[in-house]
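Q: Here is the input, now give the coordinates:
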Amino acid sequence: MPRPAARPERRSRRPGPDRLKIIYTRGNRTETLASIATLRKILNRFVAHRVFYEVSSRNKRGHEFFSAKNTFVVGSIEIVNRDYLTITIFDANNASHSIEILNPAAMRIYDDTLGKGFAVSFLSEGTGGVESRCYLRDEGEDGEGIKERGALEKITLPQLFEYLEDITNADIVGTKST
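A: Coordinates of the predicted model:
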């Protein structure tokens with residue numbers, strides 16, 4: 001009995017994690033993302049950490065380039081796969097600030113550089129040869145020192161001088177009474 005002809009392998013046209021390539025810089029290997037849970041596990045390393053990010057886009061020939069950079073503390077990460085993969089990273093200290101990554105083609109993981117934080121970059125290619133990239137680098141856990149520094153940045157310079165004067169006067173009064 002003759003064997004049936006092998007069916008040609010069909011590539012999934014459905015966008016989402018089944019098409020997202022993961023590129024590991026350590027070992028220089030590439031694989032396809034297994035599941036949303038795997039992606040969530042990778043990205044949850046950023047939650048409650050201060051991250052540096054850069055979002056950039058350019059034409060393949062290097063023209064029409066823009067870049068935006070900032071740091072913030074990641075409050076939460078939402079991953080949705082309906083019509084296409086959407087990754088939203090929310091700022092813990094500013095509800096109106098978030099990064100949204102739509103249907104990335106690849107995610108590069110940088111975890112081999114000692115002394116530098118864990119980092120990932122999402123790469124997308126749009127129509128007309130436009131490439132977009134979102135780079136995230138872990139800058140460390142959000143500790144009490146960061147929160148205190150944030151509160152100090154909110155006061156004005158006259159308020160700071162008034163606070164210092166109060167502290168200085170309290171020390172002088174404390175020494176005279178002993």
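Q: Just the strands from the chain, written as ranges.
A: 21-24, 29-32, 49-59, 66-81, 85-91, 98-102, 106-110, 119-125, 130-141 (DSSP state E).
Q: The longest one vs strand 85-91, what angle?
A: Same thing as strand 66-81. Angle, strand 66-81 to strand 85-91, by axes from the mean of the first three to the mean of the last three C-alpha atoms, to 10 degrees: 110 degrees.
Q: Now do the buried residues in strand 66-81.
A: 72-75, 77, 79, 81 (16 or more other C-beta atoms under 10 Å). (C-beta placed from N, C-alpha, C; glycine too.)
Q: got the contact list for that strand?
A: Defining contact as C-beta atoms under 8 Å, 6 or more residues apart in numbering, one finds that strand 66-81 is touched by 16-17, 36, 39-40, 43-44, 46-58, 85-94, 97, 139, 142, 146.
Q: Write the ChimeraX selection for whichever of these are buried.
A: Buried members of these, defined by 16+ other C-beta under 10 Å, are picked up in ChimeraX with:
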select :16,17,36,39,43,46,47,49,50,51,53,55,57,58,85,86,87,89,90,91,92,139,142
